[in-house]
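> pasted the sequence and its predicted model underneath.
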Amino acid sequence: MLNGKRFLAFGVTSILSISLTLTPTIAHASTNGKTVSKELRQASPYVNLSHLNSLHTTVPYPSSPLPHHSTVNPGTPLDVWWVYANLQSNGKYKRVGGGTYNSTANTWGQGEADIDDIARISVVYLRHYQIYHDRFSLTMARAALRTIMYMQINSGPHAGNFVNWIEPNGQPNLNPVPSEDTGSTFDWWAARSLWAMSEGYHVFRSVDPSFADALRTRMQLAIHSLGTQVSSKYGKYYLIHGYKMPQWLISDGSDASSVAMLGLVQYYKDTHNSTARKVLNELSTGVMKSQIRSAQNQWPYNAHMPWQKSIDMWEAWGNRQIMALAEAGKILRNPQFIQSAERAANSLYPHMIISFGPDNGWLPAPDNQTQISYGAESMIDSLLTLGKVTGNPTYAKEAGILGTWYEGNNRAHTVMYHPRTGITFDGINNDKTVNKNSGAESTLTGLLAMMNLESNPIARTYLPYNRVVSKTKPLIVDGSSGTPSNGASIASAPNQWSGDFLWRTGSFGVLVPKSQLAYTITVAHSGMYLIQLSYDKQQLPVGKLGVRVYADHRDIGTINQGGAGVQGGSPTPDYLWMHMLTKPVFFAKGTHVIRLAYAGAKGHEAKIDSIIVQPMIERETLQNSTGNSVTMSHNMLNGRLSFHSW
């Protein structure tokens, strides 16, 4: 499970890893470990539910449930899935809950399971049933949805919202540690639950109408609560460094809101409910307005900023804005939503897929290069959906190439999804080590990615290309690593995390009038490169502060560092920003020097967070087991994207 607003933005550089020595004994359901049939395994060489099923167990239905909580078939044990599964020295996985376990009370600080994961697990089983017609998956989906309904608040002032954590005794945990909202607002887990219930309603209408009716009743509660929350702030904006960012999104997030949009799309398709349409349109408008427009090769690459209180942060995880806007634009017949999705997909995704992968955090430089399945799957499914809506096959090709992340085309050169077991590793750390735990979120997102890729006739052709032949790589140079001269210096920020951006190392280069910073770089391959700076943008008139950039004594341009907008709700008047000079420079293989010189008026300081030396043509070539190859190329100057197979 990954939520809690933006914990990765606070300089976290490793994947969460829970190491607990105590595990409560709970009777396992008879379905634990059940795999799909032999015929289905043969039809699907990639999809295996075994590990997901092994996370399943049951907790008792409380004899005295908390007020405002109930579900269908009361009294029957509740189905849950453990949050984490930690790899032991014997090669087996130990299932654990969230937070510290109290063996005396048989409780967890957070809970044994959470509906953040259970909601998405139900989507996995529903999708598996729809694709492979596996009745076992239908049974498991129903079980998960029943627990989701139990965790929903069904009456009172917070009716329609959800409590996230459930304890081994079957009670919702209203006081989790660390503390988080327990149903007072429509939050991340509510958005995921709405998505799950809408998908469930769509499937069960034809196979279990009475259960579908129960889901519909709970959907209406959820949509009413969400609609009230959204409408109360609709049309209001935060002012962040001069940018207007919408206030009416779930948890101030275009990412959380995009998940709810998927549920609203499906529910509106099935019911034509006018309230669902209204809320969908309002959320879609907000997500579209979270997009910061830019040139195609400039930060933030037309991205939809996930957190509305920062214009300096983008995350791969939960990044379903493109997916949701494409779906909403189609059902609402609003081409603006689809165009917004295409702008982001055409600018940001090719660059990330080839040069970086599904990084957890650009803040704004590629600082947090941890990578998890949740990020890869979010991008893959967004591309597949956009391709389906627009009819453009390029998006499915990109999704297929990104899908090879699971096959070993990643920073750690490690297979992350294992079809023999259904295990998806928890992630790749910043230092390229692999966290081989396999919790619920990693498992379910790996399965979603594999099912959706395999179901797409274009994308699935790229999955066997799991050997990396060659790949261009950008160089990221810390601003604090330069050699100062004529008054330049290296300084430290009071806090590495400012509240809405992150200094790469906590230190940075400082330029004053007449001073310079010199950076020695080593280029692995001869070619044309572009220079990008991450720097402190300040509230000074344009032209008052800037940095002139030289590459081996060649003047390639000046980057202005003034012009920051009104501080507004940001905690700092300045902010980090990135700009790429569009004058290419040729670097032969070997050592070179990039020199930065102060360009501006007296009395100011220019601050350099990092330098990125970016191949002008970013390219990766992959090969399959029979020797066939495919190359994906992207021109950072003109945005041209191409694929070549041989």
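It's in.
> in the longest helix along the chain, what's buried?
In the chain, ranked by residue count with DSSP state H as the criterion, the top helix is helix 209-231. Buried residues in helix 209-231, counting neighbours by 16 or more other CB atoms under 10 Å, are found at 211-212, 214-216, 218-223, 225-227, 229-230. All C-beta atoms are positioned from the backbone trio N, CA, C, and that covers glycine.
> do stretch 620-633 as well
For stretch 620-633, by 16+ other CB under 10 Å, it's E620, T621, L622, Q623, N624, V630, T631, M632, S633.
> in this structure the second one contacts S470, no?
Right, the one you point to is T621. Yes - counting by CB atoms under 8 Å, T621 touches S470, with 4.8 Å between them.
> so how far is Q339 from D270?
26 Å (CB to CB, to the nearest Å).
> circling back to that earlier point, now the two most distant members of the buried residues of stretch 620-633.
N624 and S633 (18.5 Å; CB to CB).
> where does the stretch 201-350 of the chain dip in pLDDT?
Applying pLDDT under 70 to the stretch 201-350 of the chain flags no residue at all.
> quick one, strands of the stretch 401-550 of the chain?
417-418, 423-424, 427-428, 434-435, 467-471, 475-478, 483-485, 489-492, 507-511, 516-523, 527-537, 545-551 (DSSP state E, counting those that start in this stretch).
> residues contacting stretch 380-392, please?
The contact list for stretch 380-392 (CB atoms under 8 Å, 6 or more residues apart in numbering) reads 319-323, 326-327, 329-330, 338, 341-342, 345, 349, 393-396, 398-399, 402-403, 448-449, 452-453, 456, 458-459.
> alpha carbons of that stretch, as PDB, please.
What follows is stretch 380-392, C-alpha atoms only, in PDB (Å, rounded to 0.1, in the frame of the first residue of the first chain):
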ATOM      1  CA  ILE A 380       1.300   1.300 -18.900                       C
ATOM      2  CA  ASP A 381      -2.400   1.300 -18.300                       C
ATOM      3  CA  SER A 382      -2.600   5.000 -19.100                       C
ATOM      4  CA  LEU A 383      -0.900   4.400 -22.400                       C
ATOM      5  CA  LEU A 384      -3.100   1.400 -23.300                       C
ATOM      6  CA  THR A 385      -6.200   3.300 -22.500                       C
ATOM      7  CA  LEU A 386      -5.200   6.400 -24.400                       C
ATOM      8  CA  GLY A 387      -4.300   4.200 -27.400                       C
ATOM      9  CA  LYS A 388      -7.700   2.500 -27.300                       C
ATOM     10  CA  VAL A 389      -9.600   5.800 -27.100                       C
ATOM     11  CA  THR A 390      -7.600   7.600 -29.800                       C
ATOM     12  CA  GLY A 391      -6.900   4.700 -32.100                       C
ATOM     13  CA  ASN A 392      -3.300   5.600 -32.100                       C
END
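> for T445, see how far away the spatially most central residue of the chain is.
Taking CA atoms, centre = their mean as the criterion, W317 is the residue nearest the geometric centre of the chain, at 1.2 Å. Using CB to CB, we find W317 at a distance of 9 Å from T445.
> check F136 too.
From F136 to T445 the distance is 21 Å (CB to CB).
> and those two? which has more neighbours close in?
Applying other CB atoms under 10 Å to F136 and T445 shows that T445 carries more neighbours, namely 26 against 18.
> helix, strand or coil for the closest residue to that one other than its chain neighbours?
Nearest residue to T445, sequence neighbours excluded (CB to CB, 6 or more residues apart in numbering): E377, at 3.9 Å. Under DSSP: H, G, I helix; E, B strand; the rest coil, E377 falls in the helix class.
> got the contact list for E377?
Under the criterion of CB under 8 Å, 6+ apart, the neighbours of E377 are T445, G446, L448, A449.
> A326 now?
By CB under 8 Å, 6+ apart, the contact set of A326 is F337, I338, A341, S382, T385, L386, K388, V389, T390.
> just how off-centre is the helix or strand encompassing the fourth one within its chain?
Assigned by DSSP states H and E, S382 belongs to helix 373-390. Between the mean C-alpha location of helix 373-390 and the chain-wide mean there is a distance of 11 Å, by CA atoms, centre = their mean, to the nearest Å.
> only the buried residues of it, if you could.
373-387, 389-390.
> what do you get for stretch 234-252?
By neighbour count on 16+ other CB under 10 Å, the buried set for stretch 234-252 is 234, 237-238, 240-241, 243, 245-252.
> run through the helices of the stretch 1-150 of the chain in chain order.
For the stretch 1-150 of the chain, helices defined by DSSP state H, counting those that start in this stretch occupy the ranges 38-43, 50-54, 115-132, 135-151.
> roughly how far is the shortest one from the heart of the chain?
Taking the mean C-alpha point of helix 50-54 and that of its whole chain, the gap between them comes to 23 Å (CA atoms, centre = their mean).
> can you offset everything so residue one is 6?
In the new numbering, first residue 6, that becomes helix 55-59.
> list the helices and strands that helix packs on?
In terms of contacts (3 or more CB pairs under 8 Å, 6 or more residues apart in numbering; DSSP states H and E), helix 55-59 is packed against strand 98-101, helix 445-460.
> what pairs with the first one, parallel or antiparallel?
Sheet pairing for strand 98-101, assigned by DSSP bridges, gives strand 89-92 (antiparallel).
> returning to that earlier point: of the contacts of E382 - the most surrounded one?
G451 (30 neighbours).
> right, I'll leave it there.
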